[in-house]
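Undergrad: predicted model, plus sequence, below.
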Amino acid sequence: MTSGGLDTRPKSRAVRRREIRTQSPCIPVDHRAVTNASNIGSRYDVVIVGAGFAGSVSARVLAEDHGLRVLVIDRRPHIAGNAYDSVDEHGVLCHNYGPHIFHTNSERVWTFLSRFTAWRPYEHRTLAEVDGRFIPIPINRTTVNTLHGLDLSEAEVASYLEKLAEPREALHTSEDSVVSKVGRDLYERLFRGYTRKQWSLDPSQLHASVCARIPVRTNNDDRYFTDTYQAMPRDGYTEMFAAMLDHPGIEVQVGVEFDELPARTLPERLVWTGPIDAYFSYRLGHLPYRSLRFEHETRRTPGGRLVHPAAQINYPNERIPYTRVTEYRHLTGQFAEVSTLAYEYPMDEGDPYYPIPRPENRELYHRYEQLAGALPNVLFVGRLARYQYLNMDQVVAGALVAVERWPAATGRTLRSAA
Amino acid sequence: MNSGAQARHAAVDYGTMGSLDIGAARPRDHQRPDVLVVGAGFAGSVSARKLAEERGLQVLVIDRRPHVAGNAYDMLDENGVLVHRYGPHIFHTNADKVVAFLSRFTEWRPYQHRVVAEVDGRFVPMPINRRTVQALHGIELYGEEETAAYLAWVAEPRETVRTSEDSVVAKVGRDLYERLFRGYTRKQWDLDPSQLHASVCARIPVRSGDDDRYFIDSFQKMPADGYTVMFERMLDHPKIAVQTGVDYAEVEHHYADIPLVWTGPIDAFFGYRHGRLPYRSLRFEHECRATPGGRLVQPTGTVNYPNERIPYTRVTEYRHLTGQIAETSTLAYEFPSAEGDPYYPIPRPENRELYHRYEQLANARPDVLFVGRLARYQYLNMDQVIAGALAAVERWSPLRTTADTDHLAA
């Protein structure tokens, strides 16, 4: 971790990266000090499980605003959760758990994070490979004109899409929601295969809301997001997290499982950002997740050129086993003579990434939620604990609000009062 | 293809291509063949026509498949789109003799094949030309000279060029080799270019200009009514009888005493007695797209996918090739596979050696003419097969052999 606050000196990026790599991004404390401690409950007021967005934001607020003594643990050997970035063996800054592109409309989230990082403006753009052509995603005027061999104006595209659209009486599934907007041809070529790969489910088996999240535009805007704030942490996510966790009231322990902590000596207050079913030892059954596997490939890029014309290339074709390829240097702005591409393979097995949006899963979650409701001293926050797809800014906002509303967060007197 | 050609196609009942058959696969004394031709593809059909027309021989052509035209067979699919059943066949040649011969059986539709390859989010022309290099290396190259100089600069000269890796890296350097050749070759052959003879990849040219045609032959045209119709006309001769759906093994004993044109795998003819010659095969997955107004789906006839993680090597949109106008279009995804019909002899020295042992057996059989890609165990383009068959039949004198020596019972 850097010595606190933002390092605004005009250092070259490469030099700064090397520092990250050689320094541990978190406080080096002997694991045994925590796992063998008999006095965790007296040393800390709250234990936070998970050092990702939900956990780190909660930690900062609880330490800073509520004056609590916080222990943050993470089973992984690093902070920052899935947003963790690190320099690979070629010196390229990569997102180890897949591309994380920050965007938000929330002033509050932006202001909060801006305390821990400077920003690099970045607008994400995505192309999709369809039948020998690359077209912008989300669908815009160019997409329609290219795939249907037309030259329509904005106004014409709108009425053309209306003509293609197949109106549905009721929008139950994701197939309904897309076909009723753009018709069958664009649905099949752009959505069906991608969704099947991503979820291992046909759009007709997924709730309408899943694909409805993806906008359809009739103008030339080819930005992936239209949020007010679109920027990347200038020095990477890991450094932003390190700054967030750099507070006298916060101690961080990575590579530690919650189960390793001596249960009887824990403080009563707990922030849980892991899977909610894991907290309850899966007593009602497992909540299913979709996972991802990444294959990295490095290309030589003399002169610092970029490999891809856009940061992200989607491959909707179901015969291609990966869904997309991201070139990290587009995102990070790093200059280097090599560039790393990440091929993304959706998987059944592996770390939990995406809650699977099926009604029966939601129902199972609600049963766990009821169990959680009976535990006022445990705060469940984040994508895994809420079993919900959330963008980074939503997790941050959710954690800020949740901590604010957590009765147990007030003061250090809880223990004696209990 | 014009609408007339389309109508003609529609009139052909492809379900009963055996309509050319003379009947059951049994000899009839009144038209006892003088020569048996095994295989109704280019090698067999060209040989049959020559033998019937110029030697006046009664020819029986058999094919194990239920149709003529071999791998060049084309047909209308369930959507009325003319497709090449065994993968895209693009005709091109520099041989006037071949053009003259085929032109007797078909009219032509000019077609110049173009291919783009998907590489890291871009489509670039294949074979490599100036624009390919520009796009992949993000530089401006003005003219042929500058491109040639740049390629010479990225090339890694090799003392000796033994393998296909050597031959490509020596021409265009490692980056273009890895991004355009390595994955594609591994998929196509299930062998790394470093395991393949230099000649395999050396066939692919590198251009410093802007020519983006896949072939540069003087004659680049497609049979106006398709290949199958061309074959039907070639085989439509009073002295030629055709039986499809007939395996040689079933009828062999009927024709043991007459000369034979063998266009099947040479090792099969000799009962695989020295072992099997390995082949690479292909599997096709067809996909249909709605194309209102007759639009085309792909920007070029074929799109290559060199990336090794993508299981297919290329996708061909047949309507580019055939010129057919239709409200649907069929794409063929091509998956190389180890199992299936023999397509490509695998260009490894040990295979060539094994072939030569079979070739020696073949040399001792003047009564049998071995012709075509499978019988010669060699990658040959269509025009090469035709030229080879024309020349081979001219040199072959099976009748004198059979009549004079009377050794065939042996």
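TA: Sure thing, it's come through.

Undergrad: C-alpha only now, for contacts and for neighbours.
TA: OK.

Undergrad: any idea how far the closest residue to chain A within the stretch 301-410 of chain B is from residue A:103?
TA: Here the residue of the stretch 301-410 of chain B nearest chain A is residue B:310; by CA to the nearest CA that distance is 5.2 Å. The spacing between residue B:310 and residue A:103, counted by CA to CA, to the nearest Å, is 32 Å.

Undergrad: which of those two has more neighbours?
TA: residue A:103 (22 against 17; other CA atoms under 10 Å in any protein chain shown).

Undergrad: distance of that one from residue A:311?
TA: Taking CA to CA, one finds residue A:103 at 15 Å from residue A:311.

Undergrad: domains in the chain, by residue range?
TA: No chain in the question, so chain A it is. Following the assignment in automatic domain parsing, chain A carries domains at A:13-122+A:234-286+A:356-417, A:126-212.

Undergrad: let's do chain B instead
TA: B:3-111+B:223-277+B:345-405, B:115-202.

Undergrad: of those domains, which approaches residue A:340 most closely?
TA: domain B:115-202 (11.5 Å; CA to CA).

Undergrad: so how far is the closest one off the chain centroid?
TA: Here domain B:115-202 is found 24 Å from its chain centre; the criterion is CA atoms, centre = their mean, to the nearest Å.

Undergrad: now do it, average pLDDT.
TA: Average pLDDT, domain B:115-202: 95.

Undergrad: mean pLDDT for the domains of chain B: which is lowest?
TA: Looking at the domains of chain B, the bottom one is domain B:3-111+B:223-277+B:345-405 with a mean of 88.

Undergrad: now do residue A:234, the pLDDT please.
TA: 97.

Undergrad: so it makes contact with residue A:120?
TA: Yes - using CA atoms under 8 Å, residue A:234 is in contact with residue A:120, at 5.0 Å.

Undergrad: redo the domains of chain B as CSV? Include distance to residue A:52.
TA: Formatted as CSV, these follow (distance: least, CA to CA, whole Å):
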stretch, distance to residue A:52
domain B:3-111+B:223-277+B:345-405, 51
domain B:115-202, 31
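
Undergrad: wait, which of those domains is closest to chain A?
TA: Of the domains of chain B, nearest to chain A by CA to the nearest CA is domain B:115-202, at 5.5 Å.

Undergrad: kindly state the beta-bridge partners for the closest residue to residue A:388 other than its chain neighbours.
TA: Closest residue in space to residue A:388, ignoring its immediate chain neighbours: residue A:355 at 5.8 Å, by CA to CA, 6 or more residues apart in numbering or on different chains. Judged by DSSP bridges, the bridge partners of residue A:355 are residue A:289.

Undergrad: check contacts around residue A:355.
TA: Residues in contact with residue A:355, defined by CA atoms under 8 Å, 6 or more residues apart in numbering or on different chains, are A:287-290, A:384, A:387-389.

Undergrad: report the separation between it and residue B:218.
TA: Separation of residue A:355 from residue B:218 (CA to CA) stands at 60 Å.

Undergrad: same deal with residue B:80?
TA: 32 Å.

Undergrad: and the pLDDT for the closest residue to chain A within the stretch 151-300 of chain B?
TA: Proximity of the stretch 151-300 of chain B to chain A (CA to the nearest CA) peaks at residue B:298, 5.3 Å away. Residue B:298 is assigned 97 on the pLDDT scale.

Undergrad: list the contacts of it.
TA: A:131-133, B:317.

Undergrad: list only buried entries from those residues.
TA: A:131-133, B:317 (16 or more other CA atoms under 10 Å in any protein chain shown).

Undergrad: tell me what the host helix or strand of residue A:341 is packed against?
TA: If you go by DSSP states H and E, residue A:341 is part of strand A:338-347. Helices and strands touching strand A:338-347, as assessed by 3 or more CA pairs under 8 Å, 6 or more residues apart in numbering or on different chains; DSSP states H and E, comprise helix A:193-199, strand A:289-300, strand A:324-327, helix A:328-332.

Undergrad: SS state for the closest residue to residue B:77 other than its chain neighbours?
TA: Nearest residue to residue B:77, sequence neighbours excluded (CA to CA, 6+ apart): residue B:83, at 6.6 Å. Classification of residue B:83 by DSSP: H, G, I helix; E, B strand; the rest coil places it in strand.

Undergrad: repeat that for the one 4 residues further on.
TA: Three-state secondary structure (criterion: three-state DSSP) places residue B:87 in coil.

Undergrad: and it, how many neighbours does it have?
TA: 20.

Undergrad: tell me who's in contact with it.
TA: By CA under 8 Å, 6+ apart, the neighbours of residue B:87 are B:71-72, B:284, B:332, B:334.

Undergrad: cool, residue A:181 as well?
TA: By CA under 8 Å, 6+ apart, the residues touching residue A:181 are A:161-162, A:165-167.

Undergrad: let's go with 6 Å and repeat that
TA: residue A:165 (CA atoms under 6 Å, 6 or more residues apart in numbering or on different chains).

Undergrad: quick check: it vs chain B, distance?
TA: Separation of residue A:181 from chain B (CA to the nearest CA, to the nearest Å) stands at 18 Å.

Undergrad: before we move on, the earlier item: the contacts of residue B:298 in strands, which ones?
TA: A:133, B:317 (DSSP state E).

Undergrad: and stretch B:62-80, how far from the chain's centre?
TA: With CA atoms, centre = their mean, you get 14 Å for stretch B:62-80.
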